[in-house]
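Engineer: With the sequence up front, the predicted model follows.
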Amino acid sequence: MTTLAPPSTTAGLNHLDALESHALFILREVVAECERPVLLFSGGKDSAVLLHLAAKAFAPLGLPFPVLHVDTGHNFSEVLAFRDRAAVRAGARLIVARVQDSIDRGRVADPGDLASRNRLQSVTLLDAISEHGFDAAFGGARRDEDKARAKERVLSFRDEFGQWDPRRQRPELWRLYQGRVNPGEHVRAFPLSDWTELDVWQYVAREGVDLPSIYFAHERPVVARDGMWLAVGEFVRPRDDERVESRTVRFRTVGDATGTGAVLSNARTIDEVVAEVAAATVSERGATRGDDRFSETSMEDRKREGYF
Amino acid sequence: MAVATKDVLRLATVGSVDDGKSTLIGRLLVDTRLVADDHLDAVAAASERRGVGELDLSFVTDGLRAEREQGITIDVAYRYATTATRKLVIADCPGHVQYTRNMATGSSTADLALVAVDVAAGLKEQTRRHLVIAALLGVRAFVVAVNKMDTVEWSRTAYERVVAEVGVLATVLGATSVVAVPVSALYGDNVVERSLRAPWYAGPTVLEALEASDAGAWERSCGSRLPIQWILRQPGGGRSYAGLVSGEALRVGDAVTLLPAGIETSIRAIHYGGRTLEEAAVGLAADVELDDATDAGRGDLIATAPLPRVTRELEATVCWFGDDPLDQRGRRLRLKHTSRTTPVRVRELEGRIDVGSLTLTRADALATNEIGLVRLTTAEPLVVDEYREDRVTGSFVLVDEVTHATVAAGMVGRPPFVTVGR
């Protein structure tokens, strides 16, 4: 019998099924190859999708690994509430590693109450990985987010200092993911590598994935700063020259509350968000992340230090 | 839902350094308006800072600091584009010999190679090399962008000379589809926008060629394959075996053989993410229940006829990526094939494949980035198909036992286009 079949391993599936199956495959492969995996969970949409996929990969059994939240202490309350309910729903053991503890122990300097703790998270994350002896950490990072992430392997090797060396990445042929490391080293595994922001939202819509409410349009007091709309609250106070306005906004990403901007939006439902994302002309990090704007290689620099 | 789902074409850029691969991808993304405004602003700012003109399009994909400093691509950048008809996953690969391992990484999952050739320079040794590697890795469809047409005043003769050269090689390499397009990636001619400078050219633009490609169908004659990755327990105590389906779809009731044990049974049920299905399509991460309560584990394979081979002895083509050479000393490594990992010994280096003459010549060692034919003996039996039949069950990687670095890409069998030299 001779048949003609395309060489692609995803032939015959629509793109969301192909992305989903690839992600399930990566999740299972890392769990099979590594001793102590952990799933990094920020409470954002990408990690919510990742947790949903993990539940599917091991259904009807529970998750074979814990979930780790690196907590900057600068949170949106809606996101913390979501984190807790999502972990309970997934039946996952939730570990919280606090940047504040790293500051209190003198591992990192305190940048002050209203300054971003985004970069400090790397130290807290690496300390937690080392303390628990994790040899693999799943993350929700996507290659379409940033030009440094666009370069990263699905399984990305980290040396004993937690560093990423973009010039010496392991070859990654076919789907033969190879996660073995020596003690003290680990891999980061990115099941959403090939997903775009639009894919994530289409998938959220199809699967009915629960998300924090701040991803949908709502009224809130904001100030315009650095070309972004920042939510006024505990972590962002208006400066003397800034005027607080009430605007209808939503968040495209969720990060440290001092540096994560909202976008003006009337998208109150998932379908409206999908339509908005499909028409967007500015990238999600460009629209919402203050710390990615200051230097040409800020993400590359943070990743080299061990960032997500 | 607001946006319909589409089929996916995975493509890798192929060609020598400085023939304009990254500029071509940058042009493709910019002219289809698939680069976000802020990313384009950042590319413009970086171009100005480095004094390389208003907009260096290669910076759209060359995102690492070292790449921008040196003006080269070091590692693969993945970019995602949605056209009117399909989704493109683009692996923009490096052209330098020293980064061949990264080029192989990008090509190993590609359905199509987008080849950039500098029309003035012709088909360089390195371009030949990349075309051969892409073909070895199973790429059968090629879109050839004959680039920098502006530097030869859009000479039809110069274009046709390159097309003929590439065409001869592609035929030898077993290509099923080759489409050539005269372009200037720098000025945007025939990439997305049709050029007025080549009235003699009536074929598609690069974008149209990518949208129309059938991705080079493979002729294959083996059945369905499900390498077991993980075992799930179903309610009621049954076990199901999870893996990614390759080759052909699996259906409930299919007669299957569990390998390497050789146990004949059939598919009792198929699940996917907790749902029950009648059929698991190729590419689906399904889990299946078998009719007999057999003892199967990770690394075993469920197959329908025609069955794969069970063996501990392999002849295989390898691309060697290790820092130190692979020599004749019977080196011990680890081999990962589907979900099975086993110790392996390289028994014999049969020869090196000369990518210029496409001949196998005797060699004492394979240096970094060289390709050769080897005989391997594994500690545990493998369940394999020839690579040209099945990209999943015909591929493996070799891993260093101490550092765990991936040191080779392997393909079961001998490439059909290589002849034995002296």
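Structural biologist: That came through fine.
Engineer: Report the separation between residue A:206 and chain B.
Structural biologist: 7 Å (C-beta to the nearest C-beta, to the nearest Å). Heads up, the C-betas are built off the backbone N, CA and C, glycines and all.
Engineer: tell me, how many neighbours does the residue nearest to residue B:395 when sequence neighbours are not counted end up with?
Structural biologist: Take residue B:395 and drop its neighbours on the chain: the residue closest to it by C-beta to C-beta, 6 or more residues apart in numbering or on different chains is residue A:174, 5.0 Å away. By other C-beta atoms under 10 Å in any protein chain shown, 20 other residues sit near residue A:174.
Engineer: and residue A:174, how far is that from residue B:391?
Structural biologist: 7 Å (C-beta to C-beta, to the nearest Å).
Engineer: one step back: OK, contacts around the residue nearest to residue B:395?
Structural biologist: Counting by C-beta atoms under 8 Å, 6 or more residues apart in numbering or on different chains, residue A:174 makes contact with B:108, B:109, B:391, B:392, B:395.
Engineer: Repeat the analysis, applying 10 Å as the threshold.
Structural biologist: The contact partners of residue A:174, by C-beta atoms under 10 Å, 6 or more residues apart in numbering or on different chains, come to A:9, B:105, B:108-109, B:137-138, B:338, B:391-392, B:394-397, B:409, B:411.
Engineer: Same check on residue A:301?
Structural biologist: Applying C-beta under 10 Å, 6+ apart, we find residue A:301 in contact with A:119, A:148, A:295, A:307, B:65.
Engineer: Quick check: closest non-adjacent residue to whatever residue of chain A ends up closest to chain B.
Structural biologist: Closest to chain B within chain A is residue A:147: 2.6 Å, counting by C-beta to the nearest C-beta. For residue A:147, ignoring the flanking residues on the chain, the nearest one in space by C-beta to C-beta, 6+ apart is residue B:63 at 2.6 Å.
Engineer: Residue A:93 too?
Structural biologist: residue A:66 (4.2 Å).
Engineer: Residue A:54 is in contact with the one you found, correct?
Structural biologist: No - judged on C-beta atoms under 10 Å, residue A:66 makes no contact with residue A:54 at a distance of 11.2 Å.
Engineer: show me the biggest helix of the chain in terms of residues.
Structural biologist: Unless you meant another one, I'm taking chain A. Assignment by DSSP state H gives helix A:15-33 as the longest helix of chain A.
Engineer: you looked at the wrong chain, it should be chain B
Structural biologist: Max-length helix for chain B by DSSP H is helix B:156-172.
Engineer: Ends of stretch A:51-67, what's the gap?
Structural biologist: 9 Å (C-alpha to C-alpha, to the nearest Å).
Engineer: Could you check how far it is from the centre of its chain?
Structural biologist: Stretch A:51-67 has its C-alpha centroid displaced from the chain centroid by 17 Å (C-alpha atoms, centre = their mean, to the nearest Å).
Engineer: buried sites along that stretch?
Structural biologist: Using 16 or more other C-beta atoms under 10 Å in any protein chain shown as the test for burial, stretch A:51-67 gives A:51-59, A:63, A:65-67.
Engineer: Any chance you could list residues touching both of residue A:66 and residue A:54?
Structural biologist: Common neighbours of residue A:66 and residue A:54, using C-beta under 10 Å, 6+ apart, are A:37, A:39, A:41, A:92.
Engineer: just checking, what packs against the longest helix of chain B?
Structural biologist: When contacts are defined as 3 or more C-beta pairs under 10 Å, 6 or more residues apart in numbering or on different chains; DSSP states H and E, helix B:156-172 sits against strand B:112-118, helix B:125-136, strand B:141-147, strand B:177-182.
Engineer: Report all helices and strands that the third one contacts.
Structural biologist: Read it as strand B:141-147. strand B:7-14, helix B:21-31, strand B:112-118, helix B:125-136, helix B:156-172, strand B:177-182, helix B:206-212.
Engineer: starting at the chain centroid, how far to the third one?
Structural biologist: Spelled out, that is strand B:112-118. Offset of strand B:112-118 from its chain centre (C-alpha atoms, centre = their mean): 14 Å.
Engineer: what lines up beside it in the sheet?
Structural biologist: On the basis of DSSP bridges, the sheet neighbours of strand B:112-118 come out as strand B:7-14 (parallel), strand B:141-147 (parallel).
Engineer: Could you identify which of those strands is most buried?
Structural biologist: Highest mean neighbour count of the strands paired with strand B:112-118: strand B:141-147, a mean of 28 (counted as mean count of other C-beta atoms under 10 Å in any protein chain shown).
Engineer: Can you check what angle separates that one from helix B:125-136?
Structural biologist: 160 degrees (axes from the mean of the first three to the mean of the last three C-alpha atoms, to 10 degrees).
Engineer: in chain A, which spans are helices?
Structural biologist: A:15-33, A:45-58, A:77-90, A:99-104, A:121-132, A:197-207, A:270-279, A:284-288, A:298-305.
Engineer: Can you confirm whether the longest helix of chain A lies near chain B?
Structural biologist: Yes - in terms of C-beta under 10 Å from any C-beta of the partner chain, part of helix A:15-33 sits within range of chain B, namely A:15-29, A:31-33.
Engineer: From the chain's centroid, how far away is that helix?
Structural biologist: On the basis of C-alpha atoms, centre = their mean, helix A:15-33 sits 17 Å off its chain's mean C-alpha point.
Engineer: Please put the alpha-carbon coordinates of that helix into PDB.
Structural biologist: Extracted in PDB, the C-alpha atoms of helix A:15-33 (Å, rounded to 0.1, in the frame of the first residue of the first chain):
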ATOM      1  CA  HIS A  15      -4.200  24.800  13.900                       C
ATOM      2  CA  LEU A  16      -5.600  24.900  17.400                       C
ATOM      3  CA  ASP A  17      -5.700  21.100  17.700                       C
ATOM      4  CA  ALA A  18      -2.200  20.900  16.300                       C
ATOM      5  CA  LEU A  19      -0.900  23.400  18.800                       C
ATOM      6  CA  GLU A  20      -2.800  21.700  21.700                       C
ATOM      7  CA  SER A  21      -1.500  18.300  20.800                       C
ATOM      8  CA  HIS A  22       2.100  19.500  20.500                       C
ATOM      9  CA  ALA A  23       1.700  21.100  23.900                       C
ATOM     10  CA  LEU A  24       0.300  17.900  25.500                       C
ATOM     11  CA  PHE A  25       3.200  16.000  23.900                       C
ATOM     12  CA  ILE A  26       5.800  18.400  25.400                       C
ATOM     13  CA  LEU A  27       4.200  18.200  28.900                       C
ATOM     14  CA  ARG A  28       4.200  14.400  28.900                       C
ATOM     15  CA  GLU A  29       7.700  14.200  27.500                       C
ATOM     16  CA  VAL A  30       9.200  16.400  30.100                       C
ATOM     17  CA  VAL A  31       7.400  14.600  32.900                       C
ATOM     18  CA  ALA A  32       8.700  11.300  31.600                       C
ATOM     19  CA  GLU A  33      12.300  12.500  31.200                       C
END
